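Asks: below is the sequence, then the predicted model.
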Amino acid sequence: MSKMSRREFVYMMAMLGAAPVFANSHTRMTDTGKLEDYYKLKSFGNVRLMHMTDCHAQLLPVYFREPSVNLGFFDNYGKPPHIVGEKFMDYFGIKGNKRLEYAYTCLNFEKHAETMGRVGGFAQIKTVVDFLKNSFGKEKTLLLDGGDTWQGSWTSLQTRGKDMVGAMNLLGVDVAVGHWEFTYKAQEVLDNVKELDAEFLAQNIHVKEDALFDGAPSYDEDSGLAFKPYTIKKMGGARVAIIGQAFPYTTIANPQRNIPDWTFGIDADPMQELVDEIRKKEKPDAVIVLSHNGYDVDKKMGEVVTGIDFIMGGHTHDGVPEAYPAKNKKGVTYICNAGSNGKFLNVLDLDIQKGKIVDFKFTLLPIFSDLIPEDKAMKKYVADIRKPFEKELNRVIATTEMTLFRRGNFNGSWDQVICDALRDVKGADISLSPGFRWGTTLMPGQNITFDDLATQTAMTYPETYAKDMDGKTVKAVLEDVADNLFNPDPFYQQGGDMVRTGGLSYTIDPKAKMGSRITNITLANGKKLEASKKYKVAGWSTVGSVSPGEPVWETVETYLKNLKHIGKDYKVDAPDILGVKGNPGIIA
């Protein structure tokens, strides 16, 4: 199987890069050309897999700023996805292309957003999916959803994910996996799966033995699997095996209280056994893993498990425009990722002959909303879903003069607003907010509506807390999350970013050993954090138990209503980072 040629990659990028750019983003770009001018792929192969992931329930087009900090160390230094900005453009040979600069980096973000508008939107994605499916052949095409689809908006929270189940069905999703899906109650998950037209797969979720004994539902009692582990699809004269891999750390990163009977894990050895069994029993022409591991974990999975052709991955929200080759002792497994928030659609075309993949072409398509006419049925569906909540969603809370974003290894401006709100409303010395990667971007000059606030906070365990915590414990929290983010072994990384902080600054050495990464912790008043001294710490999103406070969106709304306006000089805290000079994963 040969690597996709650079010539084909550049061809596709040139097509999208040639799309017009207007000074007025409200101008419909489709007025100047046809959809096929920018989204028609050259005919290639006999099997097409389309893949989207981590939309986080964003049914409408959004703004989304890519990170300026996505650090990689050790074996992942200088490798995708840990390349940002100018170095990203250089690495992939797309420097000088404004539209692709906007899609893949945070460079000149505000300027590009003003001229090129929003990205994503289910009505736009539906148009592209149908176009690519019909032009290639429906019988030769599958649409895969990589998870984190049922969470991230006010409507998804209020409908317990059912709004997204309906959207997936209308979009035509064939196979799906999950992660934040499991932050609803187990019965809600099972009910949604029943309503889902797609097959919902997971080879690494098991029902606990005592739960099975008590009659808990399962896909297979003998194996204890909670869901179907894989499926075989016949398409284009070929047999394609698709294996589901749910987020392995769900019950560590998220509360187990909603899904007490299920266990999750990396399960690399069982994955190898399953791949071997499928190869022997089913004799597929291709083996695909639909994964929610995260990019670095997928790379290691491809290195330690043999017999997988492609891993279509998600969780870490990385938009990488080439299939990355992970070498193992028997060959190569290619890693493909599709970004987040509906911003990208992966298209993997396979040429399968005589039981083998002889060649392939991979394209990561940016979904530029203004280039794509809306699918009428999906547009109506989205409008109907939002209508009962429209008054609440459109309620203006404050205004902003600066870009509000979340994505990046350390505090984003939206994160800072949440941290400052927790300190201010709770009267706390320090605030802590999870390093979530979900959340859209708000542009300068926009009103901050409740809808915008919900994209940062809408989840099933939003309760806040304020409690006394000694300095030693505060440092331990920072160290624990830093190890999750920067552990040399990807199998010990959970895929989030560094815990966001308010009221303190610190120095971090990502390459240091566990327990030694965080130093020089200083409070907002300039005093050093004392290990034995008690501090009032505010936060939200506790995993172990339900916090006693109001949901975080109420806390932030109270703060924003008092503040009224976020100025362009609003201070965003950032740690001092050691050992990153020259690292392509950070913009200086």
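Replies: Sure thing, it's come through.
Asks: in the stretch 151-300 of the chain, which spans are strands?
Replies: 175-176, 199-200, 205-207, 230-235, 238-245, 262-264, 286-291 (DSSP state E, counting those that start in this stretch).
Asks: what is the burial count for the nearest residue to residue 395 once chain neighbours are set aside?
Replies: Once flanking residues are discounted, residue 395 sits nearest to residue 450: 4.6 Å by C-beta to C-beta, 6 or more residues apart in numbering. C-beta: built from backbone N, CA, C; applies to glycine. Residues lying near residue 450 (other C-beta atoms under 10 Å) number 17.
Asks: if I look at residue 450, how far off is residue 160?
Replies: To residue 160, residue 450 is 19 Å away according to C-beta to C-beta, to the nearest Å.
Asks: check residue 473 too.
Replies: Distance from residue 473 to residue 160, by C-beta to C-beta: 34 Å.
Asks: now do residue 440
Replies: Residue 440 is 21 Å from residue 160, by C-beta to C-beta.
Asks: tell me who's in contact with the residue lying closest to residue 193 once chain neighbours are set aside.
Replies: In this structure, residue 193 finds its nearest non-sequential neighbour in residue 200, 4.6 Å apart by C-beta to C-beta, 6+ apart. Residues near residue 200 by C-beta atoms under 8 Å, 6 or more residues apart in numbering: 176, 177, 178, 193, 227, 228, 244.
Asks: residue 385 contacts residue 153, doesn't it?
Replies: No: look at residue 385 against residue 153 with C-beta atoms under 8 Å: they stay out of range, at 9.5 Å.
Asks: intersection of neighbour lists for the two?
Replies: Residues within reach of residue 385 and of residue 153 at once, by C-beta under 8 Å, 6+ apart, are 59, 163.
Asks: between these two, which is the more surrounded one?
Replies: Shown here are residue 385 and residue 153; by other C-beta under 10 Å, residue 153 has more neighbours (27 against 21).
Asks: residue 409 versus that one, what's the distance?
Replies: Residue 153 is 25 Å from residue 409, by C-beta to C-beta.
Asks: bridged to residue 430, which residues?
Replies: residue 537 (DSSP bridges).
Asks: go ahead and confirm it touches residue 423.
Replies: Yes: Residue 430 sits in contact with residue 423 when judged by C-beta under 8 Å, with a separation of 7.3 Å.
Asks: these two: who's more crowded?
Replies: For residue 430 versus residue 423, neighbours defined as other C-beta under 10 Å are more numerous around residue 430 (24 against 21).
Asks: so what's the more buried one up against?
Replies: Contacts of residue 430 (C-beta under 8 Å, 6+ apart): 423, 469, 474, 501, 502, 503, 504, 523, 535, 536, 537, 538.
Asks: which of these fall in strands?
Replies: Mapping the contacts of residue 430 onto strands (DSSP state E) picks out 469, 501, 502, 504, 523, 535, 536, 537, 538.
Asks: what ranges does the stretch 351-500 of the chain have for its helices?
Replies: 376-386, 390-393, 413-426, 450-457, 471-486 (DSSP state H, counting those that start in this stretch).
Asks: most tightly surrounded among those?
Replies: Most buried of the helices of the stretch 351-500 of the chain, by mean neighbour count (mean count of other C-beta atoms under 10 Å): helix 413-426, with a mean of 25.
Asks: for the closest residue to residue 559 other than its chain neighbours, give its distance to residue 331.
Replies: Nearest non-adjacent residue to residue 559, counting by C-beta to C-beta, 6+ apart: residue 421, 3.5 Å away. Distance, residue 421 to residue 331, by C-beta to C-beta: 51 Å.
Asks: now swap in residue 184 and tell me
Replies: For residue 184 relative to residue 331 (C-beta to C-beta), the value is 39 Å.
Asks: neighbour count: these two, which is higher?
Replies: Neighbour totals were compared for residue 184 and residue 331, and residue 184 leads with 22 against 14 (other C-beta under 10 Å).
Asks: right, and the more buried one touches residue 161 too?
Replies: Yes: at 5.8 Å, residue 184 and residue 161 qualify as touching, with contact defined as C-beta under 8 Å.
Asks: what are the phi and psi values at residue 132?
Replies: Dihedral pair for residue 132: phi -70, psi -30, per degrees, to the nearest 10.
Asks: overlap in contacts, residue 430 and residue 423.
Replies: With C-beta under 8 Å, 6+ apart as the test, residue 430 and residue 423 both reach 502, 503, 538.
Asks: can you give me the helices in the stretch 151-300 of the chain?
Replies: With DSSP H, counting those that start in this stretch as the criterion, the stretch 151-300 of the chain has helices spanning 154-158, 162-171, 186-195, 209-213, 250-253, 268-281, 295-304.
Asks: in CSV, list the ones you listed along with distance to residue 489, mean pLDDT and mean neighbour count.
Replies: As requested, those are exported to CSV (distance: least, C-beta to C-beta, whole Å; pLDDT from 0 to 100; neighbours: other C-beta atoms under 10 Å):
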stretch, distance to residue 489, mean pLDDT, mean neighbour count
helix 154-158, 33, 98, 22
helix 162-171, 33, 98, 22
helix 186-195, 30, 98, 16
helix 209-213, 29, 96, 13
helix 250-253, 15, 94, 19
helix 268-281, 12, 97, 15
helix 295-304, 8, 97, 25
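Asks: nearest to residue 39, out of these?
Replies: helix 162-171 (15.9 Å; C-beta to C-beta).
Asks: residues contacting the closest one, please?
Replies: With C-beta under 8 Å, 6+ apart, helix 162-171 has contacts from 57, 59, 122, 125-126, 129, 143, 145, 149-150, 153, 155-156, 176, 192, 195-198, 377-378, 381-382, 385.
Asks: tabulate the contacts of residue 430 (TSV), appending distance to residue 101 and pLDDT.
Replies: Putting the contacts of residue 430 into TSV (distance: C-beta to C-beta, whole Å; pLDDT from 0 to 100) gives the following:
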residue	distance to residue 101	pLDDT
423	36	98
469	43	97
474	39	98
501	31	97
502	32	97
503	36	97
504	35	95
523	39	97
535	43	98
536	44	98
537	40	98
538	38	98
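Asks: which single one of those residues is nearest to residue 307?
Replies: residue 501 (43.5 Å).
Asks: so in terms of bridging, what pairs with the closest one?
Replies: With DSSP bridges as the rule, residue 501 is bridged to residue 432.
Asks: need the contact list for it.
Replies: Applying C-beta under 8 Å, 6+ apart, the residues contacting residue 501 are 411, 419, 430, 431, 432, 433, 478, 573.
Asks: next, format those as a markdown table and append pLDDT and distance to residue 586.
Replies: Shown next, in a markdown table, are those (pLDDT from 0 to 100; distance: C-beta to C-beta, whole Å):
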| residue | pLDDT | distance to residue 586 |
| --- | --- | --- |
| 411 | 93 | 14 |
| 419 | 98 | 21 |
| 430 | 98 | 25 |
| 431 | 98 | 24 |
| 432 | 97 | 23 |
| 433 | 97 | 21 |
| 478 | 97 | 19 |
| 573 | 91 | 16 |
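Asks: these into JSON lines, with extra columns for distance to residue 296?
Replies: Shown next, in JSON lines, are the contacts of residue 501 (distance: C-beta to C-beta, whole Å):
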{"residue": "411", "distance to residue 296": "22"}
{"residue": "419", "distance to residue 296": "27"}
{"residue": "430", "distance to residue 296": "30"}
{"residue": "431", "distance to residue 296": "29"}
{"residue": "432", "distance to residue 296": "24"}
{"residue": "433", "distance to residue 296": "23"}
{"residue": "478", "distance to residue 296": "21"}
{"residue": "573", "distance to residue 296": "26"}
